[in-house]
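Undergrad: need coordinates for the following:
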Amino acid sequence: MKSILRLFFRLLYHELAFTYDLVAAAVSFNRWQDWVMSVIPFIEGNRVLEIGHGPGHLQRVLLSLGLSAVGIDESAQMGRLAKRRTRGAARLTRGLAQYLPFSDNSFDTVFATFPAEYIFDPETLTEAERVLAKEGRFVILPGAVITGRGGLDRFMAWLFRITGETPPNLSEILHERSKEPFAKAGFHVEIHEISVKSSLVFILLATKSQIMEEAEHA
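TA: Numbering: from 1, shown residues only. This is a model prediction of the structure:
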């Protein structure tokens, strides 16, 4: 099942990128955009980096808010979609989260919504910490759980569970999985649960540790 899903997501993010919005809306019963937008209240400062910008919905919103936003994505297809969606206004680059092509202390907030496993890679965490300014934020939306009691909602929640996309103990998993690696990378972590349209969205808020930064420069 995991191999099939891995292939599906690879195709969805590359060759079938033009279907991404349709698929996302279908599997979430039109909640996807609301889920993604729930990270905005956690963004602080003016200089913002989105890792895995996808089709560019958040890039368009960030630009409308007057923020100095940058997006990075490995998928060339997603880059083209995001450019079209923002009418060429977005500042986008193609690359990997493990090797961010930005200087130290470049951003106030770095964030990612529904990222793949790479987001927990120690190299990704190290790079995010490096490019963040003092006490900067690394905001991750790793998943959402449908809590509605309607038949279709319960079916989709069951489907997400059996495919491993949103396990029932996601909050516990996030707490356990984030504690040690994020601390090693120099972050203090909080897990937030946000109610959005009969669903629960999980936000991992990692703040750059001032103590770690002072130790590095000692």
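Undergrad: my read is that R94 contacts Q77, right?
TA: No: under the criterion of Cβ atoms under 8 Å, R94 makes no contact with Q77, lying 10.5 Å away. The C-beta positions use only the backbone N, C-alpha and C, and glycine is treated the same way.
Undergrad: which of those two has more neighbours?
TA: Using other Cβ atoms under 10 Å, the more surrounded residue of R94 and Q77 is Q77, with 17 against 13.
Undergrad: element containing that one?
TA: For Q77, the element it lies in under DSSP states H and E is helix 76-85.
Undergrad: C-terminal to that helix, what's the next element?
TA: Past helix 76-85, further along toward the C-terminus, the next helix or strand under DSSP H and E is strand 91-94.
Undergrad: which residues are in contact with the nearest residue to D121 once chain neighbours are set aside?
TA: Leaving aside its sequence neighbours, D121 sits nearest to Q98 (Cβ to Cβ, 6 or more residues apart in numbering; 5.7 Å). The contact partners of Q98, taken as Cβ atoms under 8 Å, 6 or more residues apart in numbering, are 118, 121, 123-124, 127.
Undergrad: what about P41, neighbour count?
TA: Close neighbours of P41, defined as other Cβ under 10 Å, add up to 11.
Undergrad: just to be sure, it is in a strand?
TA: No: assessed with DSSP: H, G, I helix; E, B strand; the rest coil, P41 is helix; it does not lie in a strand.
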